[in-house]
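[1] from the sequence below, what's the structure:
(chains A and B)
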Amino acid sequence: SQQGEEDPQALSIQEGENATMNCSYKTSINNLQWYRQNSGRGLVHLILIRSNEREKHSGRLRVTLDTSKKSSSLLITASRAADTASYFCAPVDSWGKLQFGAGTQVVVTP
Amino acid sequence: GAVVSQHPSRVICKSGTSVKIECRSLDFQATTMFWYRQFPKQSLMLMATSNEGSKATYEQGVEKDKFLINHASLTLSTLTVTSAHPEDSSFYICSAPGGPGDEKLFFGSGTQLSVL
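    Numbering: from 1, shown residues only, chains lettered A, B, ... in the order given. Model prediction:
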């Protein structure tokens, strides 16, 4: 199994701006998932992108996947204060095991 | 979506005591559950995979006798931290796939353990 590594570690933006965070991984994947965690809580699944997909949308979220570069990005458009949270990527290998990176802490100020 | 309930949300205990954390799948059956540990502002570290009706699979470096996992039914997995020490203080989270073939994980709300 492998961890995803998110970049940047922290991101501070104002409401209405877009937030972009990146994830890199090392070996081949079956799919890659993004999760969100509010402070002191469990994680919530945001979006799953398969290894044969390049881009996926869900509401204000846009995820890209570049398997040649072993990287993914998560874009949150028109951010809101409620988007303040930590965001984790989780590459999933053929065994189905998820390993999380350290996450990107996003702070959206009104 | 699927709901995973985790209790307690917070526990404070004395060194040397044991603490049990429960993780329940409320509206689905979970043959597999995952237990994670998280330090402040850090990643979730996978501790073990809990399998209903069989022994848990522990990740490298995780003490089986220290962190006892029992998955006695399709809706309940428990993690018992035995003879707790202050270094065991951490945030523990469980998760489960939403059902057969579901690749997404649904998480409990976590348990903050503080060992005095």
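
[2] mind listing what the closest residue to residue B:40 other than its chain neighbours touches?
    In space, and not counting its chain neighbours, residue B:40 is closest to residue B:91: 7.9 Å by C-beta to C-beta, 6 or more residues apart in numbering or on different chains. In short, each C-beta sits where N, CA and C put it, glycine included. Taking C-beta atoms under 8 Å, 6 or more residues apart in numbering or on different chains, we find residue B:91 in contact with A:40, B:37-40, B:110-113.

[3] per-residue pLDDT, residue B:91?
    pLDDT for residue B:91: 96.

[4] pairing partners for it in the sheet, please.
    residue B:38, residue B:112 (DSSP bridges).

[5] just checking, residue A:77 touches residue A:60?
    Yes: between residue A:77 and residue A:60 there is a contact at 4.7 Å, judged by C-beta atoms under 8 Å.

[6] shared neighbours of those two, which are they?
    Joint contacts of residue A:77 and residue A:60 (C-beta under 8 Å, 6+ apart) do not exist.

[7] tell me which other helices or strands the lowest-mean-pLDDT helix or strand in chain A touches.
    Among the helices and strands of chain A, strand A:5-7 carries the lowest confidence by mean pLDDT, DSSP states H and E, at a mean of 88. When contacts are defined as 3 or more C-beta pairs under 8 Å, 6 or more residues apart in numbering or on different chains; DSSP states H and E, strand A:5-7 packs onto strand A:19-24, strand A:85-92.

[8] pick the most deeply packed of those strands.
    strand A:85-92 (a mean of 25; mean count of other C-beta atoms under 10 Å in any protein chain shown).

[9] before we move on, back to that, filter the contacts of residue B:91 down to the buried ones.
    B:37-38, B:110-111, B:113 (16 or more other C-beta atoms under 10 Å in any protein chain shown).

[10] give the contact list for residue 17.
    Reading this off chain A. A:79, A:108.

[11] not quite, I wanted chain B
    Applying C-beta under 8 Å, 6+ apart, the residues near residue B:17 are B:83-84.

[12] from residue B:83, how far off is it?
    8 Å (C-beta to C-beta, to the nearest Å).

[13] where do the contact lists of the two overlap?
    With C-beta under 8 Å, 6+ apart, residue B:17 and residue B:83 have no common neighbours.

[14] nearest residue to residue B:66 other than its sequence neighbours?
    Nearest to residue B:66 is residue B:82, by C-beta to C-beta, 6+ apart, at 5.9 Å.
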